[in-house]
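S.K.: Got a predicted structure here, sequence first:
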Amino acid sequence: PRNFSESHQRQWSMQEIVSVGIGTTGCKSTSNYLECIKADTGVPLVQSPYFWQSKNSIVPRAVYVDLDQEWDPVGLPEPNAYFLSPTGAGGNWAKGHYTEGAELVDSVLDYIRQLTENTDRLQGFHLHHDLSSGTGGGMGTLLLSKILEEFPDKIMFTSSMFGSKADESNLGPFFHYNNVLTMHQLIENATLSMMLDTSVAWDMARRKARTEHVAPVAVDQMVTHMQALATTSLRYPSQSNLNPDLRKLATNMVPFPRLHFLMTSVAPLPLQLPPGLTTQDPMEQNGRLTSLIQQVYSMKHSLLLSGYHGCYMAAFHQWRGCKQFTYSEVLDSTKYWETGVEEHMRVPWIADITQTELYPTFKFIDNTTNNKDEKEMDMCLAMLANTTAIQNTWTTMLTGFHAAFRRKAGLHYWVGEGMDEMEFTEAESNLTDLNTEYYGLASGARAYDDDEIWLEPDCSVVWSEDQHNSTPYAFQHFVKYLYCMFRFRHRTVVTGTNDMPGLVQSVPQELLQIIVAYFWVASVPLGHFYHAFEAPAPPPEKHYFPSVELVLQKEARAA
């Protein structure tokens, strides 16, 4: 073996990544992301996977495409990397995928080939785009499929931004069409997809700043920092060499090829507040590690629209800073929290779903100030997770899509660009199947074979007469199975409650009749319907379970 110095070892093991920004949002996200990692790089810039040495300087290995010409490429180091179109997509997915985008895609591919020729060990492509736009969704998926045809053995990593609420940005009345059509392509062509809900980002910023008026620059910077923190392992060498490239990250985070959509969560939130305003709660230094772990698993710190945690299939913890703690202390805190809390939040067929690594302090340039001050976060935790909680995102997309598509509202704009209605039906069916797979993993026993998911309630535990020494797990799985199936079939999000009358009112009447019939046949106390929506726990010695008649009387009075 040869004796390499540390810097030569890092350069020898480096694998290049080509960044692609599609659409106004994608170009802005790519530019901000590259500027952020430029300030936070842990190795010399020329050894970073996102940069390369040109004739005069070190420039990003990136390409920018914008059909609508709404992004201002001021200060772009390589003017030839920016591609425009004389006509825009106008928020129409078909224009970006079939007409306007198809005319420009060959020129973009030629420039991408030039970038790949200057690489020694190309590991993949990092695509920044917006699902809801015509350029980011339509042309983004077209370019993704073209790149996959030319580089079939490379990793396709996407930072997919979308809006779950139309009032947060100018998305148009039929943006759910674009969301579902784009998701149909991402399911088949992407290897890893980091989902970023901009509507949730605005809600998080308003909640932390305690005001409705938050600067858009601060929100954009927060989303960029969350992306940079979640991809730290791609830029920093670590002690255990965890996930140093896209291929190993995909291997550890994606158990099934179709379930490759990741959630991003950071604690504390990297939002720069105005001077004099702080929301950081005082907490003791010894308990701060566990507190940050609890925060990243809270939905209030993730860029997903979800009302519950779901089941985790993989989680990658990336600690930044932690100067006052050792690596063993960080691992011990993570294991202590997993032992006590995470048991009911993970799939049972993976032995260890979590990975933990320690990295240096996160440094960045604050764009919210005029002076562009250099700052750093003392201590933070970023998590990339593959969780079934993302199924609420698909439910929201399908609900908005179905409401417009069944009335054929606005469909003539897409059909006029060469699309067929069958493409909409196929896209809806594909996303519905993906939603079913996530529901299958989140409820009952799991089985996965030949790309099929079976929903099977766990009936291995039979209810015994000794109620004090057993827990009705079989009944809990049965109720949750029916509950999830009705939510999916009716495409509605029914939120549960711990209040018995409120819970009965929130459940559809058909499901309530099935559950009441199950009580009558199986002679199971109706009170366990109430406990089925709580965390599994043995019932206490004395319980008062209301009868079927009492529940129906309460329901009648409420009606």
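M.R.: Yes, it's here.
S.K.: any idea which helix is longest in this structure?
M.R.: Taking DSSP state H as the criterion, the chain has its longest helix at helix 421-442.
S.K.: any idea of the mean pLDDT in it?
M.R.: Averaged over helix 421-442, pLDDT sits at 91.
S.K.: Tell me the buried residues in that helix?
M.R.: If you call a residue buried by 16 or more other C-beta atoms under 10 Å, then helix 421-442 has these buried ones: 423-424, 427-428, 430-432, 434-442. Using the backbone N, CA and C atoms, a C-beta is placed for each residue, glycine as well.
S.K.: what ranges of this structure fall below the confidence cut-off?
M.R.: 1-13, 42-43, 164-173, 239, 273-287, 306-309, 336-344, 443-554 (pLDDT under 70).
S.K.: any idea how far residue 304 is from the residue nearest the centre of the chain?
M.R.: Taking C-alpha atoms, centre = their mean, the centroid of the chain lies closest to residue 263, which sits 2.9 Å from it. The spacing between residue 263 and residue 304, counted by C-beta to C-beta, to the nearest Å, is 5 Å.
S.K.: Find the residues that touch each one of the two.
M.R.: Here residue 263 and residue 304 share the contacting residues 195, 389, 390, scored by C-beta atoms under 8 Å, 6 or more residues apart in numbering.
S.K.: Quick one: which of those residues is the most crowded by neighbours?
M.R.: Within the shared contacts of residue 263 and residue 304, neighbour counts (other C-beta atoms under 10 Å) peak at residue 390, which reaches 25 neighbours.
S.K.: Verify the contact between that one and residue 304 for me.
M.R.: Yes - between residue 390 and residue 304 a contact is recorded at 6.0 Å, counting by C-beta atoms under 8 Å.
S.K.: Common neighbours of the two, please.
M.R.: Counting by C-beta under 8 Å, 6+ apart, the residues touching both residue 390 and residue 304 are 195, 263.
S.K.: CA atoms only for stretch 434-445, dumped as CSV, please.
M.R.: The C-alpha trace of stretch 434-445 is given here as CSV (Å, rounded to 0.1, in the frame of the first residue of the first chain):
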residue,chain,number,x,y,z
LEU,A,434,-47.2,4.5,-3.6
ASN,A,435,-49.6,5.8,-1.0
THR,A,436,-50.9,2.2,-0.5
GLU,A,437,-47.4,0.9,0.0
TYR,A,438,-46.7,3.5,2.7
TYR,A,439,-50.0,2.6,4.4
GLY,A,440,-49.1,-1.0,4.3
LEU,A,441,-45.8,-0.4,6.1
ALA,A,442,-47.5,1.8,8.7
SER,A,443,-50.2,-0.6,9.7
GLY,A,444,-50.2,-4.2,11.0
ALA,A,445,-47.7,-6.9,9.9
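S.K.: How far away from the center of its chain is that stretch?
M.R.: 17 Å (C-alpha atoms, centre = their mean, to the nearest Å).
S.K.: cool, stretch 99-107 as well?
M.R.: Its chain's average C-alpha position is 29 Å from that of stretch 99-107, according to C-alpha atoms, centre = their mean.
S.K.: Can you give me every residue that contacts residue 365?
M.R.: For residue 365, the contacting residues are 35, 36, 39, 372, 373, 374, 375, by C-beta under 8 Å, 6+ apart.
S.K.: Among those, the buried ones, what's the ChimeraX command?
M.R.: Those of the contacts of residue 365 that count as buried under 16+ other C-beta under 10 Å are selected in ChimeraX with:
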select :35,36
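S.K.: May I see the shared contacts of residue 263 and residue 304 organised as a markdown table, with distance to residue 186 and secondary structure added?
M.R.: Below are the shared contacts of residue 263 and residue 304 laid out as a markdown table (distance: C-beta to C-beta, whole Å; DSSP: H, G, I helix; E, B strand; the rest coil):
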| residue | distance to residue 186 | secondary structure |
| --- | --- | --- |
| 195 | 10 | strand |
| 389 | 18 | helix |
| 390 | 13 | helix |
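S.K.: Just name the closest of these to residue 92, please.
M.R.: Distance to residue 92, by C-beta to C-beta, is smallest for residue 195 among these, at 22.7 Å.
S.K.: just checking, the closest one touches residue 302?
M.R.: No - the pair residue 195 / residue 302 is not scored as a contact, 9.8 Å apart, by C-beta under 8 Å.
S.K.: what touches both of the two?
M.R.: Joint contacts of residue 195 and residue 302 (C-beta under 8 Å, 6+ apart) are 263, 264.
S.K.: in the host helix or strand of residue 108, what counts as buried?
M.R.: Assessed by DSSP states H and E, residue 108 sits inside helix 100-117. Along helix 100-117, these residues count as buried under the neighbour rule (16+ other C-beta under 10 Å): 100, 101, 102, 104, 105, 108, 109, 111, 112, 115, 116.
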